[in-house]
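Peer 1: whatever this is, show me its structure:
(2 chains)
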Amino acid sequence: MAMTDEALARKDHKVSDEVAIEINNMNKWYGTFHVLRDIDLTVYRGERIVICGPSGSGKSTLIRCINALEEHQQGSISVDGTVLSSDIKNIDTIRSEVGMVFQHFNLFPHLTILENCTLAPIWVRKTPKREAEETAMHFLTKVKIPEQADKYPGQLSGGQQQRVAIARSLCMRPRIMLFDEPTSALDPEMIKEVLDTMIELAEEGMTMLVVTHEMGFARQVANRVIFMDEGQIVEQNEPEEFFNNPKSDRTKLFLSQILGH
Amino acid sequence: MSDTPAHSVAFVRETPIPPADPPATERGVIKWVRENLVSTPANAVMTVLSLVAIYWFLALLVPWLLNGVWNAGSIRECREIMAGSGGGCFAVLTERWHQLIFGRYPTDQYWRPTVAFVLLFVALAPVLFQTVPRRLLIFTGLYPFLAYWLVWGGSILGPIFALAGFAVGYIAYSRLVDRSFAMGFFGGVLAAIVTWWITGFLADATGNVMALETVESRDIGGFMLNLILGTVCVSLSLPLGIVLALGRQSSMPIIKWICVVFIEFIRGVPLITLLFVANVVLAYFLPPGSNFDLILRVIIMITMFAAAYIAEVIRGGLAALPRGQYEAADSLGLDYAQAMRLIILPQALKISIPGIVNVAVGLFKDTTLVSIIAMFDLVGMVRGPILASTDWNGVYWELFGFAAFLFFVVCYGISQYSQWLERQLQTDRR
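Peer 2: Okay, here's the model as predicted:
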C-alpha cells in the first residue's frame, strides 16, 4: 500500500482525525469459503470511500459486516467506539447510527413513501409522529421528491425509489452511510439523479462508504478508493493516483476492463 | 410524413398520430358474442350443449322450488298436498327450524344466542374493516366473554373474573417486558393464573349475579354450534398459526423443533381421529371426576389442526418475501418484534390471504365432523333427531340442501370478503 489510512485521510480538509469505523484483522468465512481475509481499515469522520473490485471480491460483504447484516468470525469492528459483538443491544445501537442503501432499494411496499421514512424514527428513536413526519418531509425535499410522499413505492421509478431509500436512511440521522451498489439496478437515465443526491450528501460532510462501479463518481467525490479482489484489500489510494497510476497488476487489469470501452 | 423519401433510412416524425376508436365490429355486444360464443364451429356446438344442460338443470330445480310445500306436519301430509307435482317438502324446515338452528337450546332463551350472533358482527367490524372507528376494538376484546355469558348463561361474574385474569396478566407483562421478553411472558401468565385462582374462591362465595339460566353444552347444537366452533377456532388458530410459523423459522433449535414436530404431527393425522381423541381418549388422561367440557375439547383439537395448516400457509408467505425486506428492517435498527410486526408479517399475511381463507373455509365446513362424535350440529341434527323421526324420515334433499345452502352463504361471504381485502391491500401496482 502506498500510504497509510491516516495519511490518505489527512490530505482532505473535510476529514477530521476522529475515527468513525475501525476494522482490525477481520476474517469471514461462508462455510469453508474464506470471503474476507485480514481486513484492516480505519475510516475517519467525513471520509468518502469508494470500494470497487470484480464481482465476488467481497466488497459488499465487507460493508454488510459493518452494520452486522453479516457476521464476521475473527477480528474486530468498532463503529463510533461501539464494538460490534454478538450483543443484540450493541448491534441495534450501531444499526441505528449507520444508514444503509441497498442495490434493490428494499423499500417497504406496503407503506407509503412518508411511512417508509417515519417508521424507524417513530419505533426506534421514539420520535413523536408529527416531528418524524416533518423530518421526513425535510429529507424528501432534499432528495427532490416531496410531492411523492403519499404514494406507494411501486408507483415510483427506480431512481425515485432509490432516492426515497436514501431519505429513509437519513431520517434516522445516521453519522455514517453505507451504499451497496446503489446504482447497479437502475436504468442509465436514472443513475445521475441518484449520484447527484449522493454528491450533495458528500459535500455536507457525511462519512460514506460506497461500493460502486461508477468511476466518475469515485473521481469526483471520493477521497480514497479501495480496490478489493478475492476477499483482500489489494490497493488503496487517492482517486487521481489510483486511476492514473495503479500499482498492482490486478488493479491495472480491472481498470482496463471497466474503463476500456 | 409524405415528405419523407420512401427508400431513405432516415426518418423523422413531424405530425403525431392521434388515437382513434376501434372498428365497429370490434366493439360492444356483437364482438363479445362473436369472440366468446361462436368463434369456431366447435365453440358454437359447445355453446348449444351448454344451453341444453342449463335448461335441463333449471327444468328440475325450478318446479322443485316453486311447487314446494311449506306447511305440513309430516312427510305423508306433504305428499298428499303435493299430489305428485314434484315439489320439495320444505315443511320440514318450517316445522323443525329451531332444531336446525339452535339444537336443543331452551326455546324461551333463543334471544340469547341471537343477540350474541348480532353482536358478533359489531365485534368483527373493526377487525375486518379499517374504516370502522378503532375504539370499537375494545368491544371486540370484551365480546368473547359477553358471548360466552349469553350462550352458556350462569353468573356474569365468571366471564368478568376470566377477563380480569387476562387484564392482570397483561399489566404484569407490560411492566416486566422491558427487562426481558421471557420474564414478561412468564410473569404475565403467572399473574393471570393467580388472579383466576383467587377469583375462583370469590365466585363460589358471591353466588349468582345477573345470572342467566345455565345451558349445558350438550344442549347447544344446530347451525349455532357450527358457527360457534367456526368463529372460535378460526380466531384462535390464526394467532397460533403465526406463532408456529415464526417459531419454525426461529434460530433457536429447541423452539424450531417443537414447532416442526407439532406442525408435522398434526398435519399427518386426520381431523376425525383428533376429534375421537377429544371425545374418548382424553377422558382417560384427565383426572377422574374432572368436568372438561366436550365443546372446549373439540375447540382445542380443531384449533390445533387449523393452526398447523395456517402455519404452513404463512411460512409460504414468509418465504416469498425477498431477503432485502428483512435486511432493510434490520439496517434501520428495528428489533425482531418490531420488524416482524411492522414489516414482515403485514406483507407475509397479505400474500397468505388466499391460503388462510382456504383453511378457514375448510375448517368451517369440517365443524360438521363433530356430528360423528355424537354432537348435534346442523348435520348431526339432520341425521339424528329429524331424519330418524317417523314424521320426516326420507326428506333428504330438502334438509341437506338447506344445510348446504347455509354453509354456502357463509363460505361464499368469507371468500368475497377475502377478495375485497386483497384488492384493498394491493399497493404494489398502480
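Peer 1: domain ranges for chain B?
Peer 2: As given by automatic domain parsing, the domain ranges for chain B are B:19-66, B:87-105+B:218-430.
Peer 1: can you add distance to chain A and mean neighbour count and give those back as CSV?
Peer 2: The C-beta positions use only the backbone N, C-alpha and C, and glycine is treated the same way. Below are the domains of chain B laid out as CSV (distance: least, C-beta to the nearest C-beta, whole Å; neighbours: other C-beta atoms under 10 Å in any protein chain shown):
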stretch, distance to chain A, mean neighbour count
domain B:19-66, 24, 10
domain B:87-105+B:218-430, 3, 18
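Peer 1: save these as TSV, and put in mean pLDDT too.
Peer 2: Conversion of the domains of chain B to TSV gives the following (pLDDT from 0 to 100):
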stretch	mean pLDDT
domain B:19-66	86
domain B:87-105+B:218-430	89
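Peer 1: out of the ones you listed, flag the one nearest residue B:160.
Peer 2: domain B:87-105+B:218-430 (19.1 Å; C-beta to C-beta).
Peer 1: chain center to the closest one: distance?
Peer 2: Domain B:87-105+B:218-430 has its C-alpha centroid displaced from the chain centroid by 6 Å (C-alpha atoms, centre = their mean, to the nearest Å).
Peer 1: out of the domains of chain B, nearest to residue B:200?
Peer 2: Nearest of the domains of chain B (C-beta to C-beta): domain B:87-105+B:218-430, 14.3 Å.
Peer 1: looking at chain B, which helix is longest?
Peer 2: Ordering each helix of chain B by length in residues (DSSP state H) puts helix B:396-424 first.
Peer 1: show me what from chain A comes close to chain B.
Peer 2: A:67-69, A:88, A:92-93, A:95-96, A:98-100, A:102, A:104, A:106-110, A:119-120, A:123-124, A:152-155, A:168-169, A:172 (C-beta under 8 Å from any C-beta of the partner chain).
Peer 1: mind doing that once more with 6 Å?
Peer 2: By the rule C-beta under 6 Å from any C-beta of the partner chain, the part of chain A lying against chain B is A:67, A:69, A:92, A:95-96, A:100, A:102, A:104, A:106, A:108-110, A:120, A:123-124, A:152, A:154-155.
Peer 1: show the buried residues in the residues you listed.
Peer 2: For the residues of chain A next to chain B, a burial check counting by 16 or more other C-beta atoms under 10 Å in any protein chain shown picks out A:67, A:69, A:92, A:95-96, A:100, A:102, A:104, A:106, A:108-110, A:120, A:123-124, A:152, A:155.
Peer 1: which stretches of the stretch 151-261 of chain A have low pLDDT?
Peer 2: By pLDDT under 70, the weakly predicted segments of the stretch 151-261 of chain A are A:260-261.
Peer 1: show me where it has helices.
Peer 2: Listed in chain order, the helices of the stretch 151-261 of chain A (DSSP state H, counting those that start in this stretch) span A:158-170, A:188-203, A:215-221, A:239-244, A:249-259.
Peer 1: check which residues of the last one are buried.
Peer 2: Judged by neighbour count using 16+ other C-beta under 10 Å, the buried positions of helix A:249-259 are A:250-251, A:254-255.
Peer 1: in chain A, which residue sits closest to chain B?
Peer 2: Using C-beta to the nearest C-beta, residue A:96 is the residue of chain A that sits closest to chain B, at 3.3 Å.
Peer 1: one step back: packing partners of the longest helix of chain B?
Peer 2: The contact analysis (3 or more C-beta pairs under 6 Å, 6 or more residues apart in numbering or on different chains; DSSP states H and E) places helix B:396-424 against helix B:345-366.
Peer 1: now do the nearest residue to residue A:64 once chain neighbours are set aside against residue A:203, distance only.
Peer 2: Excluding the flanking residues, the one nearest residue A:64 by C-beta to C-beta, 6 or more residues apart in numbering or on different chains is residue A:70, at 4.4 Å. Residue A:70 is 30 Å from residue A:203, where distance means C-beta to C-beta, to the nearest Å.
Peer 1: what does residue A:42 give?
Peer 2: Separation of residue A:42 from residue A:203 (C-beta to C-beta): 23 Å.
Peer 1: any idea how far stretch A:112-130 is from the chain center?
Peer 2: How far stretch A:112-130 lies from its chain's middle: 22 Å, per C-alpha atoms, centre = their mean.
Peer 1: one more: stretch B:100-120?
Peer 2: Distance, stretch centre to chain centre, for stretch B:100-120: 20 Å (C-alpha atoms, centre = their mean).
Peer 1: on that earlier part again, in strands, which of the residues of chain A next to chain B fall?
Peer 2: Of the residues of chain A next to chain B, the ones assigned to strands by DSSP state E are residue A:100.
Peer 1: find the centremost residue of the chain, please.
Peer 2: You didn't pick a chain, so chain A it is. For chain A, the residue nearest the mean C-alpha position is residue A:178 (1.9 Å; C-alpha atoms, centre = their mean).
Peer 1: oops, chain B please
Peer 2: When C-alpha atoms, centre = their mean is applied to chain B, the residue found nearest the centroid is residue B:360 (4.2 Å).
Peer 1: enumerate every residue touching it.
Peer 2: Residues in contact with residue B:360 (C-beta atoms under 6 Å, 6 or more residues apart in numbering or on different chains) are residue B:234.
Peer 1: quick one: contacts of stretch A:203-214?
Peer 2: With C-beta under 6 Å, 6+ apart, stretch A:203-214 has contacts from A:14, A:20, A:45-51, A:59-60, A:63, A:176-181, A:183, A:202.
Peer 1: nope, stretch B:240-259 is what I meant
Peer 2: Contacts of stretch B:240-259 (C-beta under 6 Å, 6+ apart): B:260, B:263, B:307, B:310-311, B:314-315.
Peer 1: which of those residues sits closest to residue A:74?
Peer 2: Closest to residue A:74, out of all of the contacts of stretch B:240-259 and judged by C-beta to C-beta, is residue B:260, at 32.6 Å.
Peer 1: tell me if that closest one really is in a helix.
Peer 2: Yes - counting by DSSP: H, G, I helix; E, B strand; the rest coil, residue B:260 is found in a helix.
Peer 1: just to check, the residue of chain A closest to chain B is in contact with residue A:124?
Peer 2: Yes - counting by C-beta atoms under 6 Å, residue A:96 touches residue A:124, with 5.4 Å between them.
Peer 1: spit out the residues that contact those two alike.
Peer 2: residue B:333.
Peer 1: tell me how many other residues surround the residue nearest to residue A:64.
Peer 2: Neighbour count for residue A:70, taken as other C-beta atoms under 10 Å in any protein chain shown: 17.
Peer 1: spatially nearest residue to residue B:314 (excluding sequence neighbours)?
Peer 2: residue B:245 (3.9 Å).
Peer 1: which of the residues of chain A next to chain B fall in helices?
Peer 2: Of those, the ones assigned to helices by DSSP H are A:92, A:95-96, A:120, A:123.
Peer 1: out of those, which two sit at the greatest distance?
Peer 2: A:95 and A:123 (12.8 Å).
Peer 1: now the common contact residues for the two.
Peer 2: Residues touching both residue A:95 and residue A:123 by C-beta under 6 Å, 6+ apart: none at all.
Peer 1: follow-up on the earlier one: could the contacts of stretch B:240-259 go into a markdown table alongside secondary structure and distance to residue B:271?
Peer 2: Formatted as a markdown table, the contacts of stretch B:240-259 follow (DSSP: H, G, I helix; E, B strand; the rest coil; distance: C-beta to C-beta, whole Å):
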| residue | secondary structure | distance to residue B:271 |
| --- | --- | --- |
| B:260 | helix | 20 |
| B:263 | helix | 15 |
| B:307 | helix | 12 |
| B:310 | helix | 14 |
| B:311 | helix | 16 |
| B:314 | helix | 20 |
| B:315 | helix | 20 |
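Peer 1: which one of the residues you listed sits closest to residue B:408?
Peer 2: residue B:310 (22.6 Å).
Peer 1: any idea which element the residue lying closest to that closest one once chain neighbours are set aside lies in?
Peer 2: Spatial nearest neighbour of residue B:310, excluding adjacent residues (C-beta to C-beta, 6+ apart): residue B:241 at 3.0 Å. Here residue B:241 sits within helix B:222-248, counting by DSSP states H and E.
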